[in-house]
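Engineer: Any chance you could fold what I've pasted below:
(one chain, ligands or ions: 1)
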Amino acid sequence: MSRIVVVSNRVMELRRATQAGGVAVAIADLLKARPGLWFGWNGKVVEDGDTALSDVKVRKAAGQSALATLPLTAEEHRDYYLGYSNSVLWPVFHNRLDLAHFDAGFYPRYTGVNKRFAAALASLIQPDDIVWVHDYHLIPLAVELRRLGIENPIGFYLHIPVPPPQTFLAIPEYADLAQALAAYDLVGLQTEADVSNLIQVFKDSGQGRILQDGRVLAFDQRLSIHRFPVGIDARDFMGATPVRNLVQSPSDAQRIIGVDRLDYTKGLPQKLRAFGRFLEKYPAYLRKVVLTQIAPPTRESVEAYTDIRQTLEALSGKINGMFGELDWVPIHYIHRSAPRDRLRDIYRASRIGFFTPLRDGMNLVAKEYVAAQAPDDPGVPILSRFAGAAEQLVDAIIVNPYNVEEMADAIKQALEMDKAERIARYERLMSVIRTYDSAVWSASFLATLEAAAEERSTARIS
Ligand code: GDG
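Structural biologist: Next up is the predicted model:
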């Protein structure tokens, strides 16, 4: 079996990755199951000129896998990570051109880190390795590896959405980015909408057309573009023990749970407003419902993230002040991370899972919530139509996250849904979540990548 070389911005111990949730879990599961190397940043920042910058550290991890890591300099951390990755690509790909900060100094360091990573990685790649690069921080990696003579299959998976071409083309370096994507054998995306946006980006940048075999010819390169919706390991969340009385509230109160990194893409202010509107519109539910919102801090040194924190603190305080009673606090807002097994039990104890991002690549939390439900008395997910997960989880209550009135009504609908309907929806949702789990996601990506690379080498020989 070939070795898998996984490349992502941040590398962590497999045990820690399993706790972190999200894609780190899928990568950790893959590397426990087959021989591999996980390459990327170790989370450390060092002085410019430090020898550690070119001295990649390789150490054994679980199974037959190893971790290979490098530090960043303070300037790289500022311009590559906080700058180009999280102040340009993240907001633009989530349709927030208004929050993008186009600073001319960011891009050279972004490509600089990709060059440095490629040079360090090239010396570790063996002839039979399959290289799988993850996410927007590392778009130029394949170009750099090819320049260094690496001929192995190289695939790229984007965890965040592809914006419509009009938005993508607003990035000053859009043509470089499109060309860099075309250097991969396979680009994997979360949804059909992402696939069609990316194909359109290639067409609109004057450089792409679809070939008869379904592949795309762009910038003189042939590549495959496919949808591989990221999944969870459902077994991790089944068999949860519901926790009760998490906060002082009437014991018969129904819980609504939200779990989102405190990111402006997650639609948190709209969600809190919708809950406030629900209490105002349907006063019979006062004292009968509690919204627990877990919102761990993230990327706090990026300015746009300070604003969202202040907005949420003000909103939760306002709604609690307006509706709260001595023995009932309507919003239980936690700006810290919760342990993963605790999260599972809270999902299970919640009648509603409330996931309303304004834009999201997939939204794994919605899948985790469903998987944690009791099969004979499951809760109901309310899900934004702009989360990638909405393409798959059609049996959730699907809402427009900009429509506060509609979300308020969805809460009522979910609370009043009879058990038979809840069970029927749960069973259909679970069958999707089980079928497209994290193992299927990585296996299907890797199989498609190997086939795509095979076609490239055959095309070259003939
Ligand atoms: C990106 C894309 C895409 C969250 N809070 C806590 C915690 N988590 C875990 C969740 C879940 C993961 O983090 C979050 O995954 P999401 O998919 O919901 O969102 P992003 O972090 O934005 O992830 C997204 C994903 O990549 C995968 O492709 O779906 O669209 O934006 O697993 O459980 N885990 C713990 N404590 C917390 O407080 N332990």
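Engineer: did I read that right, Asn86 in a helix?
Structural biologist: Yes: Asn86 sits within a helix when classified using DSSP: H, G, I helix; E, B strand; the rest coil.
Engineer: got the contact list for the one residue in the stretch 51-200 of the chain that gets nearest to the ligand?
Structural biologist: Residue of the stretch 51-200 of the chain nearest the ligand, by Cβ to the nearest ligand atom: His159 (3.6 Å). All C-beta atoms are positioned from the backbone trio N, CA, C, and that covers glycine. Taking Cβ atoms under 8 Å, 6 or more residues apart in numbering, we find His159 in contact with Val23, His134, Asp135, Tyr136, Gln190, Val230, Gly361, Met362.
Engineer: May I have the distance across stretch 238-258, first residue to last?
Structural biologist: Taking Cα to Cα, to the nearest Å, stretch 238-258 runs 18 Å from one end to the other.
Engineer: ok, back up a step: make sure the residue of the stretch 51-200 of the chain closest to the ligand is indeed in a helix.
Structural biologist: No: counting by three-state DSSP, one finds His159 to be coil, located in no helix.
Engineer: on that earlier part again, CSV for the contacts of His159, including neighbour count and pLDDT?
Structural biologist: CSV is the format used below for the contacts of His159 (neighbours: other Cβ atoms under 10 Å; pLDDT from 0 to 100):
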residue, neighbour count, pLDDT
Val23, 20, 80
His134, 24, 97
Asp135, 20, 96
Tyr136, 20, 98
Gln190, 26, 98
Val230, 24, 97
Gly361, 25, 98
Met362, 27, 98
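Engineer: Restricted to helices, list these.
Structural biologist: Counting by DSSP state H, the contacts of His159 place Val23 in helices.
Engineer: what does the stretch 301-450 of the chain put close to the ligand?
Structural biologist: Counting by Cβ under 6 Å from any ligand atom, the stretch 301-450 of the chain comes close to the ligand at Ser337, Ala338, Pro339, Arg340, Leu343, Asp360, Gly361, Met362, Asn363, Leu364, Val365, Glu368.
Engineer: Go again with 8 Å.
Structural biologist: Residues of the stretch 301-450 of the chain found near the ligand (Cβ under 8 Å from any ligand atom) are 336-340, 342-343, 355, 357, 360-366, 368, 387-389.
Engineer: mean confidence score for stretch 172-186?
Structural biologist: Averaging pLDDT along stretch 172-186 yields 97.
Engineer: From here on, call the first residue 568.
Structural biologist: All right, first residue 568 from here; so that's stretch 739-753.
Engineer: What's the end-to-end length of that stretch?
Structural biologist: End-to-end distance (Cα to Cα), stretch 739-753: 24 Å.
Engineer: Just the buried residues of it, please?
Structural biologist: For stretch 739-753, the neighbour count (16 or more other Cβ atoms under 10 Å) marks 740-741, 743-753 as buried.
Engineer: same check, this time on stretch 834-850
Structural biologist: 834-846, 849.
Engineer: So Ile913, which state does it fall into?
Structural biologist: Three-state call for Ile913 (three-state DSSP): helix.
Engineer: If you count neighbours, what's buried in stretch 633-652?
Structural biologist: Counting neighbours by 16+ other Cβ under 10 Å, stretch 633-652 gives 633-640, 643-652 as buried.
Engineer: Among these, which ones are in strands?
Structural biologist: In strands, judged by DSSP state E, the following of the buried residues of stretch 633-652 are found: Ala633, Leu634, Ala635, Thr636, Leu637, Pro638, Leu639, Thr640.
Engineer: wait, doesn't the fifth one sit right on Thr618?
Structural biologist: No: using Cβ atoms under 8 Å as the test, Leu637 is too far from Thr618 to be in contact (11.4 Å).
Engineer: Out of the buried residues of stretch 739-753, which is nearest to Asn681?
Structural biologist: Ranked by distance to Asn681 (Cβ to Cβ), the buried residues of stretch 739-753 are led by Ala747 at 8.6 Å.
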